[in-house]
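Colleague: Need coordinates for the below:
(one chain, ligands or ions: 1)
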Amino acid sequence: MKLYRVTDEGRTLYLSPEPVTADDFPPSSVFDEVQLEVPVVDGVIHYWDGGGGKSYPHIHYLCPRCTKVQNTDLYPDDPNPRFAICDACAWDSLVWIRWKH
Ligand SMILES: [Zn+2]
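Modeller: Residues are numbered from 1 along each chain as shown. All right, here's what the predicted structure looks like:
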């Protein structure tokens, strides 16, 4: 798929399926588009205790690169599948998470 990429001195700062806003990045950033394979993985929603009776949904999924369970916040407007990166692998592991309750 096509992804919008932002790099700075060869280092990836950001990758997104949505166009990015140049103002959000340092002036030395380079913007381009790349074609990358992004695997689809299954995710399950867990509610994390936020204290005070509040709970927050997180999607738990297995990162195909580091093979560890990772998680990402789920916001009310998030699409399904949701685009995400691994906390451990960062931009080296992009996924579409097909989530369910
Ligand atoms: Zn990973």
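
Colleague: Hmm, Leu3 is touching Pro17, no?
Modeller: Yes: counting by CB atoms under 8 Å, Pro17 is a contact partner of Leu3 at 6.0 Å. The way it works is simple: take the backbone N, C-alpha and C, and place the C-beta from them, glycine included.

Colleague: the more surrounded of the two?
Modeller: Between Leu3 and Pro17, Leu3 has the larger neighbour count (other CB atoms under 10 Å), namely 18 against 13.

Colleague: For that one, list each beta-bridge partner.
Modeller: Leu3 forms beta bridges with Val34, as assigned by DSSP bridges.

Colleague: residues contacting it?
Modeller: Contacts for Leu3 (CB atoms under 8 Å, 6 or more residues apart in numbering) come out as 15-17, 33-36, 38, 94.

Colleague: Next one: it from Lys54, what distance?
Modeller: 34 Å (CB to CB, to the nearest Å).

Colleague: This structure: strands as residue ranges?
Modeller: Secondary structure of the chain (DSSP state E): strands at 2-8, 11-16, 30-35, 40-51, 54-62, 69-73, 82-86, 90-100.

Colleague: Please tabulate the ones you listed in CSV, including the columns distance to Ala22.
Modeller: Formatted as CSV, these follow (distance: least, CB to CB, whole Å):
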stretch, distance to Ala22
strand 2-8, 8
strand 11-16, 11
strand 30-35, 6
strand 40-51, 30
strand 54-62, 29
strand 69-73, 25
strand 82-86, 20
strand 90-100, 19
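
Colleague: so of those strands, which one's packed in deepest?
Modeller: Stretch with highest mean neighbour count among those: strand 82-86 (a mean of 20; mean count of other CB atoms under 10 Å).

Colleague: measure the spatially most central residue of the chain to Arg11 for me?
Modeller: Nearest residue to the geometric centre of the chain (CA atoms, centre = their mean): Ala84, 1.8 Å. Note on Ala84: its distance to Arg11, by CB to CB, is 20 Å.

Colleague: now Val20
Modeller: Distance from Val20 to Arg11, counting by CB to CB: 15 Å.

Colleague: roughly how far out does stretch 66-86 sit from the chain middle?
Modeller: Taking CA atoms, centre = their mean, to the nearest Å, the mean C-alpha location of stretch 66-86 is offset from the chain mean by 6 Å.
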